[in-house]
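Visitor: Following is a predicted model, sequence given first.
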Amino acid sequence: MVALKPLLITMGDPAGVGPELIIKALLAGELDRFERPLQVVGDAAVLQRAAKVFDCEAELEQHSHQDWTLTCGERSLPVVNLSYLDEEKVEFGCPKLPCGRAMADYIEWAVARCLVGLAAGMVTCPINKAIINQAGVHFPGHTELLAERCGVEKVVMMLAGEKLKVSLVTTHLGLRDVSRVLNTAEILQTIHITDQSLRNQFGIADPKLAVLSVNPHAGESGLFGDEEERLIAPAIEQARSYGINASGPHSADTLFHFAAKGEYDAVVCMYHDQGLIPLKLLHFDDGVNVTLGLPIIRTSVDHGTAYDLAGTGKANTASLIAAIKMAEEMTK
Ligand SMILES: NC(=O)C1=CN([C@@H]2O[C@H](COP(=O)(O)OP(=O)(O)OC[C@H]3O[C@@H](n4cnc5c(N)ncnc54)[C@H](O)[C@@H]3O)[C@@H](O)[C@H]2O)C=CC1
Ligand SMILES: NCC(=O)COP(=O)(O)O
């Protein structure tokens, strides 16, 4: 039998909840349920320290320069060790510069491994976007970094839960810049990539997409802005001419009520918070962030570093588990 390629889990910010989520999921036996091997990409000593949060002694065994095994109780976890952070520099809940380079290195290693076909996909734990930038890695998030490393011009950030899926035309930028950068071509690409991914990766035969407006009341016939008539409606028209079942521009205030009842397979949103507020209202615990349009599989937790919880063991593992399950589904 051919050995299954591993799914890589990047540890995220060593000062955030990523390390303890991995350990908590491991101790709860959640990671045992996967047939496919999992490999953590991070810092073995930081993971060992995270085990102490759960009063669990974790042993480390080094096999080669990078390959380690972390054993907590009955369970073991292979770790690709990419950093040797000084414990004093990794205080729980206190993001620091040396962690910035380390968390970028975990992502870089994982994406390179996926691109050469040595891993089945990557699941990411949260990073601190400000700190990776301060460390000289100039990307606003995983999504943009991965697009660049994979040589893809347009990818789509989708946040997915059982009741609601949202995909975003614009991602990490200030609200005042949204209208300035919105354009018909990118709206159309977002609709197209969302449609293709729902068909090919989520197994939905004829996805029904709702495309949102950006202004109140869908612009009220131009009284509150003209992006709907000028930019969004032409994109929807073109998408429909390609056979995509897209409608809109819908008023964002009412549309989510119907989408959450199952009337749409996904909602195409114009900016980050437009989609993420309803998504997190419904799926705060178990939502998954998935990057559509990449040549590799990448899913992620839907939340951030949760510094207020780091070191308490209280952070919920449901989003990490859902992200691993989704990545596994996408390999099929
Ligand atoms: N994919 C990624 O790498 C993401 C990274 N971030 C980064 O995270 C940092 C903090 O961002 P915030 O806006 O504070 O969002 P956050 O998600 O870290 O925290 C917001 C609130 O949600 C709670 N929370 C988060 N995850 C939780 C979990 N697993 N279980 C229980 N409660 C949880 C936190 O305790 C906090 O009260 C920022 O630097 C941001 O850039 C934010 C979102 C995604
Ligand atoms: N709020 C979701 C988010 O910002 C995710 O960013 P990324 O690091 O996955 O690009």
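Guide: Here it is on my side, so go on. Ligands and ions are numbered 1, 2, ... in the order given.
Visitor: so how many other residues sit close to the residue of the chain found nearest ligand 1?
Guide: At 2.3 Å from ligand 1, residue 304 is the closest residue in the chain, using C-beta to the nearest ligand atom. (Each C-beta comes from the backbone N, C-alpha and C, glycine too.) Other residues near residue 304 come to 14 when the count uses other C-beta atoms under 10 Å.
Visitor: Let the chain start at 31 from now.
Guide: Sure, I'll start numbering at 31, so the last one becomes residue 334.
Visitor: which secondary structure element contains it?
Guide: Per DSSP states H and E: residue 334 is located in neither a helix nor a strand.
Visitor: Neighbours of residue 273, how many?
Guide: 8.
Visitor: and if you look at the one 5 residues further on?
Guide: Taking other C-beta under 10 Å as the criterion, the count of residues near residue 278 is 24.
Visitor: Would you mind measuring from it to residue 226?
Guide: Distance of residue 278 to residue 226, computed by C-beta to C-beta, to the nearest Å: 18 Å.
Visitor: what residues does stretch 313-325 touch?
Guide: Contacts to stretch 313-325, defined as C-beta atoms under 8 Å, 6 or more residues apart in numbering, come from residues 145, 172-173, 176-177, 180, 182, 184-194, 197, 223-224, 226-227, 231, 309-310, 328-333, 346, 348-349, 351-353, 356, 360.
Visitor: So for it, mean pLDDT?
Guide: Stretch 313-325 carries an average pLDDT of 97.
Visitor: buried set for that stretch?
Guide: Residues 313, 316-324 are the ones in stretch 313-325 that count as buried (16 or more other C-beta atoms under 10 Å).
Visitor: Output it as CSV, nothing but the C-alphas.
Guide: Only the C-alpha atoms of stretch 313-325 are listed here, as CSV (Å, rounded to 0.1, in the frame of the first residue of the first chain):
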residue,chain,number,x,y,z
HIS,A,313,-19.7,29.6,13.5
PHE,A,314,-17.3,31.2,16.0
ASP,A,315,-16.2,27.8,17.4
ASP,A,316,-16.1,25.6,14.3
GLY,A,317,-15.6,27.9,11.3
VAL,A,318,-12.8,27.1,8.9
ASN,A,319,-10.8,29.6,6.8
VAL,A,320,-9.9,28.0,3.4
THR,A,321,-7.9,29.6,0.6
LEU,A,322,-9.6,28.9,-2.7
GLY,A,323,-7.7,29.0,-6.0
LEU,A,324,-4.3,27.7,-4.8
PRO,A,325,-2.7,24.7,-6.4
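Visitor: what distance separates it from the middle of the whole chain?
Guide: Centre-to-centre, stretch 313-325 and its host chain are 5 Å apart (C-alpha atoms, centre = their mean, to the nearest Å).
Visitor: do stretch 224-241 as well
Guide: 18 Å.
Visitor: End to end on it, go ahead and measure it.
Guide: Chord length of stretch 224-241, first to last residue, is 11 Å (C-alpha to C-alpha, to the nearest Å).
Visitor: go on, stretch 203-220?
Guide: 17 Å.
Visitor: Report the mean per-residue pLDDT for it.
Guide: Per-residue pLDDT values over stretch 203-220 give a mean of 96.
Visitor: Report whether it contacts ligand 2.
Guide: No: Stretch 203-220 does not reach ligand 2 (C-beta under 6 Å from any ligand atom); its nearest approach is 11.3 Å.
Visitor: Low-confidence regions, the stretch 31-180 of the chain specifically.
Guide: Along the stretch 31-180 of the chain, the parts satisfying pLDDT under 70 run over 31.
Visitor: For it, which residues are neighbours of ligand 1?
Guide: Taking C-beta under 6 Å from any ligand atom as the contact definition, the stretch 31-180 of the chain meets ligand 1 at 47, 156-160, 172.
Visitor: In JSON lines: the residues you listed, plus distance to residue 252.
Guide: Shown next, in JSON lines, are these (distance: C-beta to C-beta, whole Å):
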{"residue": "47", "distance to residue 252": "46"}
{"residue": "156", "distance to residue 252": "40"}
{"residue": "157", "distance to residue 252": "41"}
{"residue": "158", "distance to residue 252": "41"}
{"residue": "159", "distance to residue 252": "36"}
{"residue": "160", "distance to residue 252": "38"}
{"residue": "172", "distance to residue 252": "38"}
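Visitor: nearest to ligand 2, of these?
Guide: Checking those one by one against ligand 2 (C-beta to the nearest ligand atom), the nearest turns out to be residue 172, at 3.5 Å.
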